[in-house]
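Participant: Take this sequence and fold it.
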Amino acid sequence: MLKSQRSSRIAVGLMVAGMAASSLALSASAQTRIRVNSDRSKVEARTEAPAAAFTAGNVVLCRVGDGSAALSANATAVFLDEYTTAGVLVQSLAVPNTTPGARLTLTGNSTTECELNRSEDGRYLLITGYDAAVGTVTPATTASATIPRVIGRVDNAGNFNLSTTTTSFSAQNIRSATSIDGTSFWAVGSGTGLVFQPLGGSGAGTVVASDLTNSRAVNIFQGQLYTSSGSGALRMNSVGTGAPTTGPQTTTSLPGLPTTTVSLNDFFFADLSPAVPGYDTLYVADDQSLAAGTVRKYTSDGTTWTATGTAAGNAQYRGLTGRVSGGVVTLLATRGGNELVTITDATGYNGAMTATPVSVLTAPVNVGFRGTAFAPLATTASAVSISGRVMSGERGIRNAQVTISGGDLAGPITVASGSKGQFTFNDIPAGRTYVVSVAARRFQFNNSSMIIEVNDNVSGINFYAGGR
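Facilitator: You can find the predicted model right below:
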């Protein structure tokens, strides 16, 4: 759990104003460790190399600016800050920003850029920006033939690959990208639509869908592409079927979702009901105004989505990620451009969310918080086992169907639970993210699926029927 005490807030600042510019040009594997006193009276920073590998389960925050100057429309340095789920800074990676063709910066004052994502297989962070030096005037409104848009990936070891560019989104913002496995990407922003580009690609890329040309975020859940927007009639959408790489595809508003008023950004799907196939719960960040913005929850009956609550209070929310454990959804969100909060929703499927956000991190002056995602997992060929039990009270449920999917599996694997409800999956590739789900005749499960990040043998993956 993230710290809930108000006193646990951490102000994050990197550089003291006036520090030499050369100190900001960190290598791809360098890290900056920082300490800020609670009263912000003293900021200490030092650069170290190489960076440590990301730790599975930690949170990564996209941060714009180093605190030395006010954020503007000019190209600004970007950092990926890793925190434990207790809100403790682990390391800060400077995104390379000096070498043309291998750099990425952001517009300092654009609050909708850097909707950070993690690839569907869990191995890479995805970040978008501009091939422009720090200080370049208004990169977002400059033609992409002059300043290409960059689609970057970052692996578990902190290695940046910034070789993929596109000339789409010309004179407009690029905001978000997603990927299945880091070998190809889908990107969105303003002015073009949904663009597909292979790793190392250049030129415009393939416009997969152009019926929505002003998107905020794109992501893939269970192999399906989704986008969000803050304007027009397509606010929360699926694109084509699966993850198409050719166009034109049709962008379709999720049935029951608003088509006006809301201004939707990053989003997270969860599977909370065994009675509804696939993902049945959606959380989405809304930044429509200070008075009406929030994190919204929607629930699907398999056909139509229905509003089922919001986070308490109002603010402008943009970055969002989450995880599910024991039927409880824990969300991490950025709000107001300068704060990271956690939101815990324990109401389950179709429950009315009223959770109060808890502030974890607050940015100091001249620093902006953008998107957030969980840390990328290590790539490894080792195989592990995953085990647990299917229970009703204290008794095991026999012959329950337990299924694992995701990661690098060719397809879902299903096993039947034993006489005491026990089940085991063997020879599962480590360093991946999987979904484990259960179904049993005559039994209903409050939490019928779990998302698991696997780096070693895992036990205790237990499912409980009968409301437990």
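Participant: Where does the prediction get shaky in the stretch 351-468 of the chain?
Facilitator: 380-382, 408, 410, 467-468 (pLDDT under 70).
Participant: hmm, 50 instead?
Facilitator: 381, 468 (pLDDT under 50).
Participant: do the chain as well
Facilitator: For the chain, the stretches flagged by pLDDT under 50 are 1-49, 381, 468.
Participant: which SS class is residue 146?
Facilitator: coil (DSSP: H, G, I helix; E, B strand; the rest coil).
Participant: From residue 105, how far out is it?
Facilitator: Going from residue 146 to residue 105 by Cβ to Cβ, to the nearest Å gives 14 Å. Just so you know, the C-beta spots here come from the backbone N, C-alpha and C atoms, and that holds for glycine as well.
Participant: out of these two, which sits in the more crowded spot?
Facilitator: Higher neighbour count among residue 146 and residue 105: residue 105, with 25 against 13, using other Cβ atoms under 10 Å.
Participant: A helix includes residue 171, no?
Facilitator: No. Using three-state DSSP, the secondary structure at residue 171 is coil, not a helix.
Participant: That one: how many residues sit nearby?
Facilitator: By other Cβ under 10 Å, the residues close to residue 171 number 16.
Participant: Go ahead and confirm it touches residue 141.
Facilitator: Yes. Counting by Cβ atoms under 8 Å, residue 171 does reach residue 141; the two are 5.3 Å apart.
Participant: Give me the common contacts of these two.
Facilitator: Common neighbours of residue 171 and residue 141 are not found (criterion: Cβ atoms under 8 Å, 6 or more residues apart in numbering).
Participant: isn't residue 132 right up against residue 107?
Facilitator: No. The pair residue 132 / residue 107 is not scored as a contact, 9.5 Å apart, by Cβ under 8 Å.
Participant: Find the residues that touch each one of these two.
Facilitator: Each of 75, 139 lies in contact with both residue 132 and residue 107 under the rule Cβ under 8 Å, 6+ apart.
Participant: so how far is stretch 281-296 off the chain centroid?
Facilitator: 16 Å (Cα atoms, centre = their mean, to the nearest Å).
Participant: Which positions in that stretch come out as buried?
Facilitator: 281-288, 293-296 (16 or more other Cβ atoms under 10 Å).
Participant: Looking at the residues you listed, which is nearest residue 231?
Facilitator: residue 288 (10.3 Å; Cβ to Cβ).
Participant: OK, contacts around the closest one?
Facilitator: So residue 288 contacts 230, 261-263, 316 (Cβ under 8 Å, 6+ apart).
Participant: and if you look at residue 317?
Facilitator: For residue 317, the contacting residues are 265, 285-287, 293-295, 311, 333-335, by Cβ under 8 Å, 6+ apart.
Participant: Include distance to residue 387 and secondary structure when you put those residues into JSON lines, please.
Facilitator: Output for those, formatted as JSON lines (distance: Cβ to Cβ, whole Å; DSSP: H, G, I helix; E, B strand; the rest coil):
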{"residue": "265", "distance to residue 387": "38", "secondary structure": "strand"}
{"residue": "285", "distance to residue 387": "36", "secondary structure": "strand"}
{"residue": "286", "distance to residue 387": "40", "secondary structure": "strand"}
{"residue": "287", "distance to residue 387": "42", "secondary structure": "coil"}
{"residue": "293", "distance to residue 387": "43", "secondary structure": "coil"}
{"residue": "294", "distance to residue 387": "39", "secondary structure": "strand"}
{"residue": "295", "distance to residue 387": "34", "secondary structure": "strand"}
{"residue": "311", "distance to residue 387": "35", "secondary structure": "coil"}
{"residue": "333", "distance to residue 387": "33", "secondary structure": "strand"}
{"residue": "334", "distance to residue 387": "36", "secondary structure": "strand"}
{"residue": "335", "distance to residue 387": "39", "secondary structure": "strand"}
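Participant: Including distance to residue 68, could those go into JSON lines?
Facilitator: Shown next, in JSON lines, are the contacts of residue 317 (distance: Cβ to Cβ, whole Å):
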{"residue": "265", "distance to residue 68": "28"}
{"residue": "285", "distance to residue 68": "29"}
{"residue": "286", "distance to residue 68": "32"}
{"residue": "287", "distance to residue 68": "27"}
{"residue": "293", "distance to residue 68": "29"}
{"residue": "294", "distance to residue 68": "33"}
{"residue": "295", "distance to residue 68": "32"}
{"residue": "311", "distance to residue 68": "33"}
{"residue": "333", "distance to residue 68": "27"}
{"residue": "334", "distance to residue 68": "21"}
{"residue": "335", "distance to residue 68": "24"}
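Participant: Reformat the contacts of residue 288 as CSV; add distance to residue 162, neighbour count and secondary structure.
Facilitator: Below are those laid out as CSV (distance: Cβ to Cβ, whole Å; neighbours: other Cβ atoms under 10 Å; DSSP: H, G, I helix; E, B strand; the rest coil):
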residue, distance to residue 162, neighbour count, secondary structure
230, 27, 18, coil
261, 37, 10, coil
262, 33, 21, coil
263, 30, 21, coil
316, 29, 21, coil
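Participant: and residue 384, how many neighbours does it have?
Facilitator: 18.
Participant: and the gap between it and residue 455?
Facilitator: Residue 384 is 8 Å from residue 455, by Cβ to Cβ.
Participant: which residues are common contacts for those two?
Facilitator: residue 430.
Participant: partner residues bridging the spatially closest residue to residue 104 that is not a sequence neighbour?
Facilitator: Spatial nearest neighbour of residue 104, chain neighbours left out: residue 129 (4.0 Å); criterion: Cβ to Cβ, 6 or more residues apart in numbering. Residues in a beta bridge with residue 129, per DSSP bridges, are residue 150.
Participant: can you check residue 423 too?
Facilitator: For residue 423, the beta-bridge partners under DSSP bridges are residue 388.
Participant: is it true that residue 198 touches residue 181?
Facilitator: No. Using Cβ under 8 Å as the test, residue 198 is too far from residue 181 to be in contact (11.7 Å).
Participant: that's a helix at residue 140, yeah?
Facilitator: Yes. Under three-state DSSP, residue 140 sits within a helix.
Participant: Hmm, it is touching residue 172, no?
Facilitator: Yes. Counting by Cβ under 8 Å, residue 172 is a contact partner of residue 140 at 6.7 Å.
Participant: And these two? Which one has more around it.
Facilitator: Neighbour count, other Cβ under 10 Å: between residue 140 and residue 172, residue 140 has more, with 25 against 19.
Participant: Could you list the domains of this protein?
Facilitator: The chain breaks down into these domains under automatic domain parsing: 6-374, 383-465.
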